[in-house]
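Participant: sequence and predicted structure, then a few things I'm wondering about:
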Amino acid sequence: MSSHDHRDDDGPGGHAGHAAHAGHAHHDHDGPAHAGHDHAGHSPGGGGHAGHSHGSSSETRTAIAAAITVSFMVVEAIGGVVSGSLALLADAAHMLTDAVALALAWWAFRMVRRPASATMSFGHHRMTVLVAFANSVALLLLTAWIVIEAVQRFAEPVAIDAETMGIVALAGLGANIAAFFVLAGGERNMNIRGAILHVLSDLLGSVGAVIAALVIWLTGWVPIDPILSLVVAVLLLRATISLMRESAHVLLEGAPEGAEGPAIAADLTETVPGVEEAHHVHAWTLAEGRLNATLHVVVADGMETAPVVRKVKARLAERFGIAHSTVEVERPGDCTDAERAAE
């Protein structure tokens, strides 16, 4: 092992160990080589203030949607108990989880505005992704509950007051439509998408409850209530799983699509003069629209390192959308982490 150790962990943790490196140039900004760097003083991933107006708009929209949801949650819960409708109770449960989800989304947007610090050098941008993942988990659990309740209703049918059910369902549908349009009128980041999925689940649930109430009122066929509840659960399942996979990929610091390590290494070698090789490439998404990367580049003998690093950073931003990168410069045959990589 060489006399110094350069951490190249796959993710933000890898930056924590960047220190002075004897024997090689280490560049983290578009400028001359320096011994180290500190992320606390800037907003990694680019767009330091560009997203503030969008964040403020999203924060306001989630607050309005949460207020609408809470207002009608109690109404539907009471209506479900009085009428005996599983569809209404399921929709009320949806609204309860929605109220929590929207409150978390609102809180996440507020957290994102907090500046980076010595202990949180990347700020709180990933909070919105974490909330999106939590919302997807909650939706899966809720879907499972609806399925279980529906199966029980098939085995033991319950008498339903179709008139009360229909009136409450229509009121809930109006509230859900209002909340949906409030959220859909803003930007579509992962956090908002999770909130929209919750509200959309309510909206579909209300539609199902209205249809079920109409069928029961006209025909007296009670099984339509759990059947439509199952239909709503199935419709939401695919979108929920998609959101869970996407948010989990970010939380696990997977490479952004199209910005995998081999692709970045090949592109830099082909397009940036002076780069003979690129390796130990790690790219990840800090939060939506904030791509980061760390990598080693081998610069040809006789070439100045600073101009090459600037070109590497420019290429990463232009081709892959990576606005924040840490580039470690090496000379041919002198990889500082060769022994550790072999292990």
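Facilitator: Looks like it came in fine. Numbers count the residues shown, from 1 in each chain.
Participant: confirm that residue 59 sits in a helix.
Facilitator: Yes. Per DSSP: H, G, I helix; E, B strand; the rest coil, residue 59 lies within a helix segment.
Participant: so how far is residue 184 from it?
Facilitator: The gap separating residue 59 from residue 184 is 16 Å, by C-beta to C-beta, to the nearest Å. C-beta coordinates here come from the backbone N, C-alpha and C atoms, glycine included.
Participant: those two: which is more packed in?
Facilitator: Neighbour count, other C-beta atoms under 10 Å: between residue 59 and residue 184, residue 59 has more, with 18 against 14.
Participant: residues contacting the more buried one?
Facilitator: By C-beta atoms under 8 Å, 6 or more residues apart in numbering, the contact list for residue 59 reads 106, 109, 110.
Participant: low-confidence regions, the protein specifically.
Facilitator: By pLDDT under 70, the weakly predicted segments of the chain are 1-56, 87, 90-91, 94, 338-343.
Participant: give me the domain ranges for it.
Facilitator: When the chain is parsed with automatic domain parsing, its domains come out as 13-41+255-342, 52-251.
Participant: give me the neighbour count for residue 293.
Facilitator: Neighbourhood size, residue 293 [other C-beta under 10 Å]: 23.
Participant: partner residues bridging it?
Facilitator: Under DSSP bridges, the beta-bridge partners of residue 293 are residue 283, residue 325.
Participant: just the one 4 residues further on next, same as before
Facilitator: Taking DSSP bridges as the rule, residue 297 bridges to residue 278, residue 329.
Participant: surely it touches residue 277?
Facilitator: Yes. The pair residue 297 and residue 277 passes the contact test of C-beta atoms under 8 Å, sitting 7.2 Å apart.
Participant: settle it for me: which of those two has more neighbours?
Facilitator: Neighbours were counted for residue 297 and for residue 277 using other C-beta under 10 Å; residue 297 has more, 26 against 15.
Participant: what residues are up against that one?
Facilitator: Residue 297 makes contacts with 268, 275, 277, 278, 308, 309, 312, 327, 328, 329, 330, as judged by C-beta under 8 Å, 6+ apart.
Participant: ok, which pair from those is furthest apart?
Facilitator: By the measure C-beta to C-beta, 277 and 309 form the most distant pair in the contacts of residue 297, at 14.5 Å.
Participant: so which of the contacts of residue 59 is the most crowded?
Facilitator: Busiest of the contacts of residue 59 [other C-beta under 10 Å] is residue 109, holding 25 neighbours.
Participant: what is whichever strand or helix holds that one packed up against?
Facilitator: Secondary structure assignment for residue 109, by DSSP states H and E: helix 86-112. Contacts defined by 3 or more C-beta pairs under 8 Å, 6 or more residues apart in numbering; DSSP states H and E place helix 86-112 against helix 52-83, helix 127-155, helix 162-184, helix 190-219, helix 224-251.
Participant: how many residues are close by the residue nearest to residue 316 when sequence neighbours are not counted?
Facilitator: Spatial nearest neighbour of residue 316, excluding adjacent residues (C-beta to C-beta, 6 or more residues apart in numbering): residue 322 at 4.2 Å. For residue 322, the count of nearby residues is 24 (other C-beta under 10 Å).
Participant: would you mind writing the ChimeraX command to select the buried ones in the contacts of residue 297?
Facilitator: Entered in ChimeraX, the line below selects the buried ones among the contacts of residue 297, by 16 or more other C-beta atoms under 10 Å:
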select :268,275,278,308,309,312,327,328,329,330
